[in-house]
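Trainee: Predicted structure and sequence below. I'll ask about it afterward.
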Amino acid sequence: MRRLLRSSLPHLAAGRASYNDSSRVRRHLLSRIYQPGNLWKENSPELQAKPNDPSSKSQRLMYKAGLIRPSSPGCFHYLPHAVRSMEKLVRIIDGVMQDIGGQKIDMATLCSAALWRQSGRWDLVGKELLCLLDRHEQEYCLGPTHEESVTSLVATEGGISYKQLPLLLYQVTRKFRDEKRPCFGLLRGREFYMKDMYTFDISEEAAHQTYNHVCEAYAAIFRTLGLRHVKVQADTGNIGGKMSHEFHLPAAIGEDRLLLCRSCDFAANVETLPPDQKTCPCCNGKLEESKGIEIGHSFYLGTKYSHIFNAVCHSDHNKPLVAEMGCYGIGVSRLLAASIEVLSTEEDIHWPSLIAPYQVCLIPPKKGSKEMGAAALAEDLHDSVCAVPHLGNEVLVDDRDHLTIGKRVREAHMMGYPYVIVIGKKALERPPLFEVRNHRTGQVQFLSKEGVLGLVRDIRVI
């Protein structure tokens, strides 16, 4: 199959520029994708947890699938499949944030110690900050969050006009936190991706409305991904403010203890309630304990930072009023891993379908087998599926034709591609039929080319 692909597409050998030729079908070939081979081996050192070092299902699967490689404790390299999924996840988040008026920015990673001292957090956060000193004896930290930076930015620029309110500024960047004991792969690391949003309003009432809108948007993101989540009241911690909520995916491996009321929608992190609290403070119903993986956090800050840095909003009468603020975070890389943690089996990854690295994995015949007579049909089916407008970049060909179809199918299921299409024995029949495997449901169908195209047209993509 690989030879056929190359002979029918000689531009593949001509160099990278050929991929910009819009008149040709771009082929994603598994043999060309960087996936270090030792990650497929069960006895690979990367798959073995150190003694007394906790590991998680998502960590094991992401190592095994070649999605991530460890760099140093709590830090990881993201490999091509993981990057594709992360980019899709960020596109979902971008869409929802911009639907509620969010404007995307990108702030400096190096945060001035002077700003953090001005807010009082340099000493408060303390050892969790990754700090450095430059050649001019100036102190910085690698930003774990950007309340000081964004508030100082708004204040320095003279504040915000009422015409711009509410102002919602957000970014998706790497963050840094010196975790004492990083573990569980991307679930608790020292370097991670986060979406952080900072909002500015002219009154407390308006700030509460914005707070509710952003929380609703967070819920929409998790629903879009098909993830069951809970929103719980939470401690404001070292970020501070007047109100806080966390968003969790219920999971046995979760490090947070939650109390949920089964009679109403009350839910809380245990750290916000008295130790002996057994009944719901809203309806007096029984509280049940659960564990959760925190994937999002919202804070109503009030004027905690805006007062310190003199960030103001100007009314329609040009009266300066200290801005009412909120801040909101989604752990993007943690959400990626947490979704694998809660959806997958012990052996196979199950993605939220919208963020799977590829939607379709096409498995052509093994080299030298009888099924090689259907190689031309595989070529034609690939081009036809890629011609479906939204799927042109979502089809992966497992062109490792020295491997059996069975081995490639097993690896495709381990990788979690939503649809696996096999060109096997039935492709030699008249009419030819193709084996289509739905990874989520386990359903296997034998479909004609027209049936395959009818099915894939309904696949949703980002």
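Mentor: Sure thing, it's come through. All of these numbers come straight from a predicted model, not from anything done at the bench. Numbers count the residues shown, from 1 in each chain.

Trainee: Spell out the residue ranges of the helices in the stretch 201-350 of the chain.
Mentor: Secondary structure of the stretch 201-350 of the chain by DSSP state H, counting those that start in this stretch: the helices cover 204-224, 304-309, 332-343.

Trainee: Give me whichever of those helices is most buried.
Mentor: For those, ranked by mean neighbour count under the definition mean count of other Cβ atoms under 10 Å, the leader is helix 332-343 at a mean of 25. For the C-beta atoms, the positions are set from N, CA and C on the backbone; glycine is no exception.

Trainee: quick one on the thing from earlier: could you dump the helices of the stretch 201-350 of the chain into CSV and include mean pLDDT and distance to residue 119?
Mentor: As requested, those are exported to CSV (pLDDT from 0 to 100; distance: least, Cβ to Cβ, whole Å):
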stretch, mean pLDDT, distance to residue 119
helix 204-224, 97, 19
helix 304-309, 97, 6
helix 332-343, 98, 25
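
Trainee: Quick one: those as TSV, columns for distance to residue 105 too.
Mentor: Supplementary listing: these in TSV, determined by distance: least, Cβ to Cβ, whole Å:
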stretch	distance to residue 105
helix 204-224	16
helix 304-309	17
helix 332-343	16
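
Trainee: and residue 33, which of those helices is closest to it?
Mentor: Go through those one by one with Cβ to Cβ and the one that ends up closest to residue 33 is helix 332-343, at 18.3 Å.

Trainee: which helices and strands sit right next to the closest one?
Mentor: helix 57-64, helix 80-99, strand 191-201, strand 243-250, strand 287-302 (3 or more Cβ pairs under 8 Å, 6 or more residues apart in numbering; DSSP states H and E).

Trainee: if we can go back for a sec, so for residue 435, which of the helices of the stretch 201-350 of the chain sits nearest?
Mentor: Counting by Cβ to Cβ, residue 435 lies closest to helix 332-343 out of those; the figure is 24.0 Å.

Trainee: contacting residues around residue 160?
Mentor: The neighbours of residue 160, taking Cβ atoms under 8 Å, 6 or more residues apart in numbering as the test, are 154, 167, 200, 311, 312, 313, 314, 323.

Trainee: Most neighbours out of those residues, which is it?
Mentor: Neighbour count (other Cβ atoms under 10 Å) singles out residue 323 as the most crowded of the contacts of residue 160, with 30 neighbours.

Trainee: Might one say that that one is in contact with residue 309?
Mentor: No - with contact defined as Cβ atoms under 8 Å, residue 323 and residue 309 do not form a contacting pair (9.6 Å).

Trainee: Which neighbours do these two have in common?
Mentor: Both residue 323 and residue 309 are contacted by residue 154, under the criterion Cβ under 8 Å, 6+ apart.

Trainee: Mind splitting the protein into its structural domains?
Mentor: The chain breaks down by automatic domain parsing into domains covering 2-32+358-456, 85-342.

Trainee: Out of these, which gets the lowest mean score?
Mentor: Set side by side, the domains of the chain give their lowest mean pLDDT on domain 2-32+358-456, at a mean of 85.

Trainee: From residue 445, how far out is residue 374?
Mentor: Computed with Cβ to Cβ, to the nearest Å, the distance linking residue 374 and residue 445 is 17 Å.

Trainee: Determine the number of other residues adjacent to the closest residue to residue 282 other than its chain neighbours.
Mentor: If you skip the residues right next to it in sequence, residue 282 has residue 266 as its closest partner in space, 4.6 Å away by Cβ to Cβ, 6 or more residues apart in numbering. If you count neighbours by other Cβ under 10 Å, residue 266 ends up with 17.
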